[in-house]
Structure formats: C-alpha cells, structure tokens
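*Asks:* My questions are about this predicted structure, shown below with the sequence.
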Amino acid sequence: MTETRITLAHGNGGRLMRELIDDLFVRCLSSPGLDTHVDAARVNVPDEHGVLLVTTDGFTVQPLEYPGGNIGSLAVHGTVNDLAVAGATPAVLTVNVFIEEGLEVATLERLVTSMGTAAREAGVRIAAGDTKVVRRGEGGGVYFATTGIGARRAELDLGMHRIRPGDRLLVSGPVGDHGIAVMLAREQFGLKGEVASDQASVLPLTQALLDLDGLRFMRDPTRGGLATVACDIATVTRHGVRLRESAIPVRAEVSSVCEMLGYDPYYLACEGRVVAVVAEAAAADALSRWHRLPSGADARNIGFVTDAEARVILETTIGGERYLEELEDDPLPRIC
C-alpha cells in the first residue's frame with residue numbers, strides 16, 4: 001500500500017480494497033490457509049471431542065492502543081476466552097473490520113499484526129473475514145467483530161445449573177486491571193499510570209481444570225467485572241453468594257485510582273481472568289493447578305455459594321457486610 005490513511009475508496013470493492021486486504025491483512029495476520037479469493041472458507045475442526053461450540057463478539061475501545069494490549073489482540077483474546085471458559089478448545093476465528101475513513105494505515109497495521117500474533121499464540125486460525133470503511137466521524141477509528149468456533153468433549157457438562165450451595169468461587173488473578181489501564185491511557189482526570197491490561201488468552205487456565213472432578217462453571221469477568229459474574233450466579237441459581245473482600249486480589253495501583261475517583265474494582269472489566277465455581281472438596285486442587293501456571297500465580301479462593309437469599313454479599317475487611325447489586329449505570333466511560 002502507498003496510502004498513509006484509509007479512504008472511502010478502500011471499501012469500494014476495487015483495487016484499493018484488494019490492496020488493503022492482500023497487502024495489509026493477509027501479510028499481518030499470517031494465518032495459515034487464509035484465502036481471500038473465496039466467499040466461504042473450509043475449516044477442519046477437530047471432532048473427536050464430540051461437540052462444536054460457537055461464539056461471536058464485537059470490540060470497540062478508546063484508545064485503540066493501551067499498556068498491555070490493543071483492540072486487535074483484544075478481539076482475539078476476547079473470542080478465544082469465551083470458548084475457553086465454556087470448556088472448548090478454540091480452533092477457528094473469523095473477523096469483520098469496520099474502519100473509519102482517515103485512520104492511519106500504520107496504526108491499522110500494528111493492530112492487525114497484534115491480532116495475528118495473538119491468534120498464533122492461542123493456537124487458532126483466522127479463516128475468513130470482511131472489511132468495511134465508514135465515513136469520517138461515524139466510527140471510533142476501527143471496530144472488530146469476531147466469530148469463534150471450538151470443540152469440547154461431549155461428556156463435559158459445565159454451567160450454572162450445576163452450582164450447589166457450599167461450592168467455592170475462585171478467581172485466577174487480580175481484578176480491575178484492564179478497566180483502569182484503559183482509563184489511564186485516556187489521560188482523563190489528569191491521571192497517568194503504569195497499570196497494564198491483563199488481557200491474555202485464558203486457555204491455559206481453563207484447560208488446567210477440565211478434568212477436575214467438581215468443576216461446575218467458568219466465566220471470564222469482562223464487562224461488569226467480578227461483581228457482575230457473582231450477581232449472574234445468584235440470579236440464575238437462586239442461591240446466595242458471599243465474597244470475602246480480604247481474599248479478592250486487587251493491585252494497589254488499581255485500588256488507589258478507584259479510591260480517588262470513586263470506582264469499585266469489583267465492577268471493572270478484566271480481559272485475562274477466570275472466575276471458576278468448584279465443589280468445596282475440589283477447591284484446593286483447583287488452586288494448586290492454577291498456582292503452577294504463570295497466569296494463575298495470584299489465584300485465590302474468594303467466596304462461596306449459600307442457600308440463603310439470592311443476593312451477593314461482600315464481607316468487608318472491617319467486619320461489615322454490603323450488597324453488591326447488579327449494574328444500572330456504566331461504572332466508567334465505555335471500555336469495550
């Protein structure tokens with residue numbers, strides 16, 4: 001490509017669009033077997049597991065790049081993680097790209113390169129995609145929409161329907177990093193910091209637990225954070241959830257920003273964490289497995305399910321209790 005910025009002509013189906021796809025996307029993604037000359041790609045998904053799973057997601061974030069990641073790698077991690085926490089091994093992704101007129105080609109190249117790197121590291125292939133260009137002012141630079149396909153063992157049964165009173169809630173690491181990293185990258189409120197997003201593939205974390213007797217449910221706490229996962233569990237199961245504030249890992253830098261601005265870290269997005277619900281007898285084994293992984297070194301047992309009223313109660317560090325309610329308003333400016 002010779003142009004330095006995206007123009008509307010890059011979306012008109014002609015030469016510039018072909019150059020954008022072949023000279024930038026194909027090169028930067030470096031995905032084996034990616035054929036841009038067909039309307040539908042053939043994919044071979046391992047079927048020995050017995051069940052195919054599919055997920056879809058959309059990604060919009062400002063700024064497009066921030067400490068610890070960018071919207072390109074985020075699109076891969078977010079899709080891979082949704083499959084992983086469902087017990088699947090991700091295999092194939094597709095991606096739709098909505099590019100705003102005027103976006104610097106160099107920026108787009110960095111984002112797509114990051115996307116390709118994240119896909120290869122997660123062991124997934126980007127098999128198909130599409131690009132659209134929208135007029136200046138009608139987008140946030142670039143948006144990604146993805147679909148992912150994976151395979152899961154037929155006998156593996158995960159879901160909130162399996163949760164019982166007495167089950168333990170585990171979290172694989174500190175919460176709130178992603179939300180604070182993105183906010184600080186905007187340099188709002190005159191604040192700057194070194195907090196990096198936690199975004200990453202959680203596949204090692206989920207696969208470490210798949211053969212664990214007593215694994216009930218897993219979820220990645222993205223929008224709405226840890227508190228929203230807990231509220232969902234209470235709502236669906238009609239059981240109570242009690243969390244211990246002293247056990248929930250939150251980085252000091254994240255806590256400081258939250259205290260200054262009045263945010264609650266338990267509602268902030270994570271993009272590389274797993275919340276797992278396991279039987280009480282399996283909790284120690286689950287934590288031990290996570291602690292052996294670099295991404296699970298700070299995993300904690302943070303609470304349990306009760307047979308009380310279907311609400312989430314946080315036991316505070318000063319000996320009190322407070323309800324964690326479902327979100328009504330955005331906890332901070334839109335981050336995903």
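*Replies:* Structure received.
*Asks:* where does the protein dip in pLDDT?
*Replies:* Low-confidence segments of the chain (pLDDT under 70): 37-40, 45-49, 188-190, 329-336.
*Asks:* all strands for it, in order.
*Replies:* When assigned using DSSP state E, the strands of the chain occupy the ranges 50-59, 65-66, 69-70, 89-100, 125-134, 142-153, 168-171, 215-219, 240-244, 275-278, 300-306, 312-315, 321-323.
*Asks:* so of those, which one's packed in deepest?
*Replies:* Greatest average neighbour count among those goes to strand 275-278 (a mean of 26), per mean count of other C-beta atoms under 10 Å. C-beta coordinates here come from the backbone N, C-alpha and C atoms, glycine included.
*Asks:* quick one on the thing from earlier: how about the strands of the chain in CSV, adding distance to Leu293?
*Replies:* Formatted as CSV, the entries for those read as follows, by distance: least, C-beta to C-beta, whole Å:
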stretch, distance to Leu293
strand 50-59, 23
strand 65-66, 24
strand 69-70, 19
strand 89-100, 17
strand 125-134, 24
strand 142-153, 20
strand 168-171, 13
strand 215-219, 15
strand 240-244, 23
strand 275-278, 13
strand 300-306, 14
strand 312-315, 27
strand 321-323, 32
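*Asks:* Ala106 is nearest to which of these?
*Replies:* Counting by C-beta to C-beta, Ala106 lies closest to strand 65-66 out of these; the figure is 11.5 Å.
*Asks:* Identify the neighbouring strands of that closest one in the sheet and state each direction.
*Replies:* According to DSSP bridges, the neighbouring strands of strand 65-66, each with its direction, are strand 69-70 (antiparallel).
*Asks:* how about Arg311, phi and psi?
*Replies:* Dihedral angles of Arg311 (phi, psi; degrees, to the nearest 10) stand at phi -140, psi 160.
*Asks:* and Leu158, what does it touch?
*Replies:* Ala86, Gly87, Leu215, Arg216, Phe217, Met218 (C-beta atoms under 8 Å, 6 or more residues apart in numbering).
*Asks:* Correct me if wrong: Gly139 contacts Glu100.
*Replies:* Yes: under the criterion of C-beta atoms under 8 Å, Gly139 is in contact with Glu100, at a separation of 3.6 Å.
*Asks:* before we move on, back to that, please identify which pair of the contacts of Leu158 lies farthest apart.
*Replies:* The widest separation within those, taken as C-beta to C-beta, falls between Ala86 and Arg216 and amounts to 13.0 Å.
*Asks:* how about the helices in this structure?
*Replies:* Along the chain, the segments classed as helices by DSSP state H run 15-19, 26-29, 71-85, 105-122, 177-185, 203-207, 225-237, 252-261, 283-291.
*Asks:* Distance to Ala151 added to those helices, as a markdown table?
*Replies:* Shown next, in a markdown table, are the helices of the chain (distance: least, C-beta to C-beta, whole Å):
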| stretch | distance to Ala151 |
| --- | --- |
| helix 15-19 | 34 |
| helix 26-29 | 22 |
| helix 71-85 | 9 |
| helix 105-122 | 14 |
| helix 177-185 | 28 |
| helix 203-207 | 13 |
| helix 225-237 | 25 |
| helix 252-261 | 36 |
| helix 283-291 | 22 |
